[in-house]
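>>> when you get a sec, could you give me coordinates for this:
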Amino acid sequence: MKPSRGKLPLPIITVVICAFAIIALLYTQRIASPSPNSILRFKSCSRKKHTPNSSDRDGKNDLDDSEADDKFDFDPEECSIVNGKWVFNSSVKPLYTDRSCPYLDRQVSCAKNGRPDSAYRHWEWQLDDCELPRFNPKTALKKLRGKRLMFVGDSLQRGQWQSFVCLVEHIIPEDKKSMHRGRSHSVFKAKEYNTTIEFYWAPFLVESNSDLHIIGDPRQRILRVDSVSKHAKHWLGVDIFVFNTYVWWMSGLRIKSLWGSFANGEEGYEELDAPVAYRFGLKTWANWVDSTVNPNKTRVFFTTMSPTHMRSADWNNKDGIKCYNETKPVMKRGHWGTGSDKRIMNVVDSIVEKMKVPVTVINITQMSEHRVDAHSSVYTETQGKLLTEEQKADPLRYADCIHWCLPGVPDTWNQAFLAYL
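The predicted structure follows:
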């Protein structure tokens, strides 16, 4: 049958309509193509604004600018502080020194104790994807106005507390601040902000026979892994907690763990592997938090383990002696030595994720793993006295590769803490 005269066959009409549609689409896209930045609206971290300066106009910082443009403002929900690198920046000066801040223990005052190099104070932890904001003491004090902040843990946690106090105290007039140092509980007051920054000594978080009268021999220590009540009565009314416990558990020995009161005798203990005892102890702490803390009024943070650097072979310095005479961080990405126990990390993760009260875990372990150069080493004290020259000459025995010089790495921990806060 012949087609009707004057009418086009249906297939031809279809082809023509499709051709016009494609042409119209291409024309529309040329006029109003979507901006590439529209994709970034799905990011919760906003892109860092960049203000050009004279060196930018000279073209000297093109590479740095392109890297900065790829980073986003810090958002705790999106940005990980684990992934990053240490970058040396001599232009950035610490907010305090061990001479300007009167609240530092001699144990961590490395420069004052004779450490000759200062490069360890000028390394910055740069995140891969986000900008970690610098520590701003005014911002910190405003956030703490009318609140109690308490760091709870061992001497490493005490170092973080001292770091935080030194980071903010220098902007407070002398007559508007005070410090009370106690045997287990120390309090710094910023009077015009009606705030306290406190430290409470509880090296295991749970009770032990070595809390106040420290027992040097780990084999003689006994932990009451089912109770924090002796300590926790000092924790009531706190608005912001920063908890930590690790290094005291890592004696290399089995932990003598007790259920029940010390008053009933210390003979009923059971020896447990450290990760097992740690799990019992941390569950006891978690139960206290869940049963006592009101998450509408109180925030709880937990900092992960601070690594030790006792074995120089971990960072391929086979001729080294622990952390002695190290002057640069380990630059290998993801470096992990024998001074951090991933079993303990797993315990923290598994317990915190099951808690009713939200706990923000601040993972300071990876960033600190690199800093073999930043320990107090031989520029410290032992038994309340500075090391003698003879003792300094024996770093295998006397170098402290557990604690950190201040100013130093704990300042970066507090930089991250304030960003989360």
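>>> burial measure for residue 136, as a count.
16 (other Cβ atoms under 10 Å). (C-beta placed from N, C-alpha, C; glycine too.)
>>> residues contacting it?
Contact partners of residue 136, counting by Cβ atoms under 8 Å, 6 or more residues apart in numbering, are residue 418.
>>> against residue 418, how distant is it?
Computed as Cβ to Cβ, to the nearest Å, the residue 136 to residue 418 distance reads 8 Å.
>>> for residue 371, same thing?
Taking Cβ to Cβ, one finds residue 371 at 19 Å from residue 418.
>>> and these two? Which one has more around it.
residue 371 (24 against 21).
>>> the more buried one against residue 329, yeah?
Yes. Taking contacts as Cβ atoms under 8 Å, residue 371 lies within contact range of residue 329: 5.3 Å.
>>> joint contacts of those two?
Contacts common to residue 371 and residue 329, judged by Cβ under 8 Å, 6+ apart, are 86, 123.
>>> quick one, phi/psi of residue 232?
Main-chain torsions, residue 232, degrees, to the nearest 10: phi -70, psi -20.
>>> nearest residue to it in space, please, no chain neighbours.
Distance criterion Cβ to Cβ, 6 or more residues apart in numbering; nearest residue to residue 232, sequence neighbours excluded, is residue 288 at 5.5 Å.
>>> isn't that neighbour right up against residue 228?
Yes. Under the criterion of Cβ under 8 Å, residue 288 makes contact with residue 228 at 5.1 Å.
>>> more crowded one of those two?
Set side by side, residue 288 and residue 228 show more neighbours around residue 228, with 23 against 19, by other Cβ under 10 Å.
>>> that one: what's it in contact with?
Taking Cβ under 8 Å, 6+ apart, we find residue 228 in contact with 202, 205-207, 284-285, 288.
>>> next one: residue 333
Residue 333 touches residue 85, counting by Cβ under 8 Å, 6+ apart.
>>> and it, what helix or strand is that in?
Secondary structure from DSSP states H and E places residue 333 outside every helix and strand.
>>> please report how far it lies from residue 369.
Residue 333 is 11 Å from residue 369, by Cβ to Cβ.
>>> swap in residue 83?
For residue 83, the distance to residue 369 equals 13 Å [Cβ to Cβ].
>>> could you do residue 357 as well?
29 Å.
>>> higher neighbour count, those two?
For residue 357 versus residue 369, neighbours defined as other Cβ under 10 Å are more numerous around residue 369 (22 against 17).
>>> what about the closest residue to that one other than its chain neighbours, is that helix, strand or coil?
In this structure, residue 369 finds its nearest non-sequential neighbour in residue 307, 5.0 Å apart by Cβ to Cβ, 6+ apart. Three-state assignment for residue 307 (DSSP: H, G, I helix; E, B strand; the rest coil): coil.
>>> which residues does the residue lying closest to residue 270 once chain neighbours are set aside form a beta bridge with?
Once flanking residues are discounted, residue 270 sits nearest to residue 257: 5.4 Å by Cβ to Cβ, 6+ apart. Beta bridges link residue 257 to residue 223, residue 270 when assigned by DSSP bridges.
>>> common neighbours of residue 83 and residue 369, please.
Shared contacts of residue 83 and residue 369, defined by Cβ under 8 Å, 6+ apart, are absent.
>>> low-confidence stretches in the stretch 1-150 of the chain?
1-71 (pLDDT under 70).
>>> that one: helices as residue ranges?
10-31, 54-57, 62-69, 137-143 (DSSP state H, counting those that start in this stretch).
>>> rewinding a little: next, count neighbours for the residue nearest to residue 369.
27.
>>> and the gap between it and residue 132?
19 Å.
>>> list phi and psi for residue 158.
Dihedral angles (degrees, to the nearest 10) for residue 158: phi -60, psi -40.
>>> now do it, the pLDDT please.
pLDDT recorded at residue 158 is 98.
>>> hang on, isn't it packed against residue 150?
No. Counting by Cβ under 8 Å, residue 158 stays clear of residue 150, with 11.9 Å between them.
>>> list the residues that contact both of these two?
With Cβ under 8 Å, 6+ apart, residue 158 and residue 150 have common neighbours residue 199.
>>> could you pull out the helices for the stretch 201-350 of the chain?
Assigned by DSSP H, counting those that start in this stretch, the stretch 201-350 of the chain shows helices spanning 229-232, 274-292, 342-352.
>>> what's the longest one packed up against?
Packed against helix 274-292 by the contact rule (3 or more Cβ pairs under 8 Å, 6 or more residues apart in numbering; DSSP states H and E) you find strand 255-258, helix 342-352.
>>> what is the rounded mean pLDDT of that helix?
97.
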